[in-house]
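Peer 1: this one's structure only:
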């Protein structure tokens, strides 16, 4: 355990003997073996979309899948990505060195069901392989990532049309909203004008 903690093992050896004549110095030798990290294959997938929302069925969503070798050993192909919503295309990659990456792509068409649900949620999984000489077959290395896009209602608000004359079936007060209030003010103006006209006519008669 101490050698594992230290990260190395040092072995010292010496040899001596008795000569038939004269003197003989002892011979020594030292050997140090440094520990190396155990193979740790690892794959990291980061999924993203060019768009940040959609507005209706038929819209296109362009996905990007960044697959990176984040382990300490090289990986072999084929490098692939599975997505539960869309077919993903990856470039031919026979090997993926430590720290190297490859980008896969896909285009998804929003469905009426997505529009009804107000979002698109899909899960992707990246695949690669590690050839371990001690294993009977290559070891599959995977990682997953999920992306969610929401429906945008920006610009979809409806404008209430103005109607004349004002309806008499509404249960709202004349000051309840803009349209009845506007009609009420017009009626009030006509009534005031009519009253003014009558008074003016009466004054003319008196003269």
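Peer 2: Thanks, I have it. Just so you know, these numbers come straight off a predicted model, no measurement behind them.

Peer 1: quick one: pLDDT of the residue lying closest to residue 33 once chain neighbours are set aside?
Peer 2: Using CB to CB, 6 or more residues apart in numbering and skipping the chain neighbours, the partner closest in space to residue 33 is residue 9 (4.9 Å). Backbone N, C-alpha and C define where each C-beta goes, glycine included. Predicted confidence (pLDDT) for residue 9: 79.

Peer 1: host element of residue 9?
Peer 2: For residue 9, the host element (DSSP states H and E) is strand 8-15.

Peer 1: in its sheet, what does that strand sit against?
Peer 2: strand 27-34 (antiparallel) (DSSP bridges).

Peer 1: got a list of contacts for the strand it pairs with?
Peer 2: Here strand 27-34 makes contact (CB atoms under 8 Å, 6 or more residues apart in numbering) with 7, 8, 9, 10, 11, 12, 13, 14, 15, 16.

Peer 1: ok, and the closest non-adjacent residue to the last one?
Peer 2: Sequence neighbours aside, residue 26 is the residue nearest to residue 16 in space, at 3.8 Å (criterion: CB to CB, 6+ apart).

Peer 1: contact partners for the one you found?
Peer 2: Contacts of residue 26 by CB under 8 Å, 6+ apart are 14, 15, 16.

Peer 1: then residue 152?
Peer 2: If a contact means CB under 8 Å, 6+ apart, then residue 152 has 53, 54, 55 as its contacts.
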